[in-house]
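[1] A predicted structure for the sequence below; I have some questions about it.
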Amino acid sequence: MRNILHLISRLFGAERAHSLSVWLLRIADKIPTFKWFLHKIYAVENKALEREVFGMRFPNPIGMAAGYDRNGEVYRPLSALGFGFVEIGTVTPRPQQGNPKPRVFNLPEDKAILNRIGLASKGFETVVSNIRKGHEGIILGCNIGKNTVTPPEDAAIDYLRVFRNLYQYIDYFSINVSYNTTHKQYIPRTRESIMNILDPLFDFRRGQNQYRPILLKISPDLTNEEIDLMTDIMVDTPLDGIIATNATTLPEGLNTPQEELHKAGVGAVSGTPLTERSIEVVRRIYERCHGTYPIIGVGGLMTGEDVKRMMEAGATLVQVYTGFVYNGVGFAGNLCKSLLPTETPVTETTDNQQ
Ligand SMILES: Cc1cc2nc3c(=O)[nH]c(=O)nc-3n(C[C@H](O)[C@H](O)[C@H](O)COP(=O)(O)O)c2cc1C
């Protein structure tokens with residue numbers, strides 16, 4: 001299947017291959033026995049993989065990062081493939097198309113993806129209709145953002161709108177302040193601009209019976225001082241954690257020929273070129289907050305070794321996207337296996353994903 005998707009990606013573009021994979025997962029979602037079968041083949045369940053974070057029990061620490069299941073359509077089959085949690089989104093208030101296609105390019109020489117999708121979203125109403133049936137047994141995060149046409153001074157209204165409408169359906173929220181795939185970038189970097197977004201969310205949460213953790217998803221392109229500022233915000237406010245990092249617009253030492261990069265155009269790069277920087281960012285946050293807050297490490301985790309290094313740097317949980325595209329449907333399960341102590345037998349238990 002991976003080879004077929006790579007062939008489609010080469011012939012018709014990376015976004016078509018992605019759409020096809022989502023379509024196949026949607027079919028899988030409609031056939032409970034198929035999902036059960038996927039779970040039996042790919043998911044790895046073992047007590048040693050479980051993590052208690054934010055008062056929730058994660059079956060394993062490997063999550064699907066935002067951007068893959070943008071509209072909450074395939075989180076159940078992703079869970080069946082062995083992901084311990086799924087972050088849907090970025091969800092914006094109103095539907096928006098994003099940038100013109102083509103806008104996603106695989107860079108195989110770098111085991112990377114360049115994208116300038118520009119937050120294509122069907123809007124929160126469609127997402128609510130996709131997820132309202134519930135997600136028993138699956139931890140579902142939601143990454144939220146503002147519509148591109150919304151000016152930065154009104155950003156907080158957009159975030160609050162998505163947050164309050166999805167609040168009852170979602171286990172944790174990831175606040176995307178790292179949208180940076182084109183020249184039309186939106187990255188609030190000051191305490192004031194971040195708090196303008198977060199304060200209304202904290203206020204809304206205070207009035208609710210259920211507590212939903214709020215995390216900030218940050219860009220690897222922030223300066224180290226800006227990363228310290230984000231960490232201090234986490235320590236000083238009711239923010240629950242940080243997701244580090246999004247894709248980079250400043251990739252270094254790419255092997256992809258200049259000509260191909262030129263053809264692809266501007267965009268943010270994820271995958272291998274990001275590994276060192278995302279680990280460095282997580283380590284910096286961890287040291288500054290003395291390991292007292294959960295950090296979700298994401299960016300260029302392509303092997304079990306990468307995941308271990310990310311956890312050693314201080315990540316409590318991790319997420320992957322590009323590694324899944326390059327390594328195929330067994331990726332989450334394989335990463336889980338690599339985290340097990342060698343003497344621990346891999347036990348597969350009954351499926352509770354349907
Ligand atoms: C095609 C594509 C689309 C993405 N879309 C989003 C998005 O909508 N929101 C977001 O917060 N991150 C998005 N990301 C970033 C990923 O969630 C992740 O932070 C980044 O790719 C680094 O992880 P990776 O190297 O494992 O891919 C996207 C990444 C890719 C490759």
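    Structure's in. What do you need? This one's a predicted model, so the numbers in the text were calculated from it and none came from an experiment.

[2] just the strands in the stretch 51-200 of the chain please.
    Along the stretch 51-200 of the chain, counting by DSSP state E, counting those that start in this stretch, strands occupy 51-53, 56-58, 62-64, 85-91, 104-107, 112-115, 140-144, 172-176.

[3] of all the residues in the chain, which one is nearest the ligand?
    Gly67 (2.2 Å; Cβ to the nearest ligand atom). All C-beta atoms are positioned from the backbone trio N, CA, C, and that covers glycine.

[4] so who does the most centrally placed residue in the chain touch?
    Nearest to the mean C-alpha position of the chain, by Cα atoms, centre = their mean, lies Ala65 at 2.0 Å. For Ala65, the contact set (Cβ atoms under 8 Å, 6 or more residues apart in numbering) comprises Glu87, Val298, Gln319, Val320, Tyr321.

[5] for it, give its distance to Leu160.
    24 Å (Cβ to Cβ, to the nearest Å).

[6] Leu301 now?
    Leu301 is 32 Å from Leu160, where distance means Cβ to Cβ.

[7] those two - which one has more neighbours?
    Ranked by neighbour count (other Cβ atoms under 10 Å), Leu301 and Leu160 place Leu301 first, with 32 against 18.

[8] could you look up the SS state of that one?
    What DSSP: H, G, I helix; E, B strand; the rest coil gives for Leu301 is coil.

[9] so it touches Lys308, yeah?
    No - contact between Leu301 and Lys308 fails when scored by Cβ atoms under 8 Å: they sit 9.7 Å apart.

[10] before we move on, back to that, among the contacts of Ala65, which ones lie close to the ligand?
    Val298, Val320, Tyr321 (Cβ under 6 Å from any ligand atom).

[11] and the residue of the chain closest to the ligand, how many residues sit next to it?
    Neighbour count of Gly67, defined by other Cβ under 10 Å: 24.

[12] so who does it touch?
    The neighbours of Gly67, taking Cβ under 8 Å, 6+ apart as the test, are Gly89, Thr90, Asn115, Ile117, Asn143, Tyr321.

[13] for stretch 204-224, the distance to its chain's centre please.
    14 Å (Cα atoms, centre = their mean, to the nearest Å).

[14] does the ligand sit close to it?
    Yes - Stretch 204-224 reaches the ligand (Cβ under 6 Å from any ligand atom) through Lys217.

[15] so how far is the first residue of that stretch from its last?
    One end of stretch 204-224 to the other measures 31 Å (Cα to Cα, to the nearest Å).

[16] so what pLDDT did the residue lying closest to Ile144 once chain neighbours are set aside get?
    Closest residue to Ile144 apart from its sequence neighbours, by Cβ to Cβ, 6 or more residues apart in numbering: Val162 at 4.3 Å. For Val162, the pLDDT comes out at 98.

[17] count of residues packed around Val162?
    Here the number of neighbours of Val162 (other Cβ under 10 Å) works out to 30.

[18] what residues are up against it?
    Per Cβ under 8 Å, 6+ apart, neighbours of Val162: Val91, Thr92, Pro93, Phe124, Cys142, Ile144, Gly145.

[19] for Leu201, same thing?
    Contacts of Leu201 by Cβ under 8 Å, 6+ apart are Tyr159, Leu160, Phe163, Phe173, Ile175, Ile214.

[20] that one should be in a helix, yeah?
    Yes - assessed with three-state DSSP, Leu201 lies in a helix.

[21] look at it and report its pLDDT.
    You'll see Leu201 listed with a pLDDT of 98.

[22] tally of neighbours for Arg212?
    A count of nearby residues for Arg212, using other Cβ under 10 Å, gives 21.

[23] can you check the pLDDT for it?
    98.

[24] if we can go back for a sec, mind listing which of the contacts of Ala65 are in strands?
    Counted as lying in strands by DSSP state E, out of the contacts of Ala65, are Glu87, Val298, Gln319, Val320.

[25] which residue ranges of the chain form helices?
    Here the chain has its helices, by DSSP state H, at 2-12, 14-30, 32-42, 75-80, 124-131, 155-166, 191-206, 224-236, 258-264, 275-288, 304-313, 322-327, 331-339.

[26] okay, buried residues for the second one please.
    To tie it back to what came earlier, the one meant is helix 14-30. Under the neighbour-count criterion of 16 or more other Cβ atoms under 10 Å, helix 14-30 has Ala14, Glu15, Arg16, Ala17, His18, Ser21, Val22, Leu24, Leu25, Ala28, Asp29 buried.

[27] take the residues you listed and write them to a markdown table, including pLDDT and distance to Val149.
    Converted to a markdown table, the buried residues of helix 14-30 look like this (pLDDT from 0 to 100; distance: Cβ to Cβ, whole Å):
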| residue | pLDDT | distance to Val149 |
| --- | --- | --- |
| Ala14 | 90 | 26 |
| Glu15 | 90 | 22 |
| Arg16 | 89 | 27 |
| Ala17 | 89 | 29 |
| His18 | 91 | 25 |
| Ser21 | 92 | 30 |
| Val22 | 92 | 26 |
| Leu24 | 92 | 33 |
| Leu25 | 94 | 31 |
| Ala28 | 91 | 35 |
| Asp29 | 92 | 32 |
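
[28] many thanks, we can stop here.
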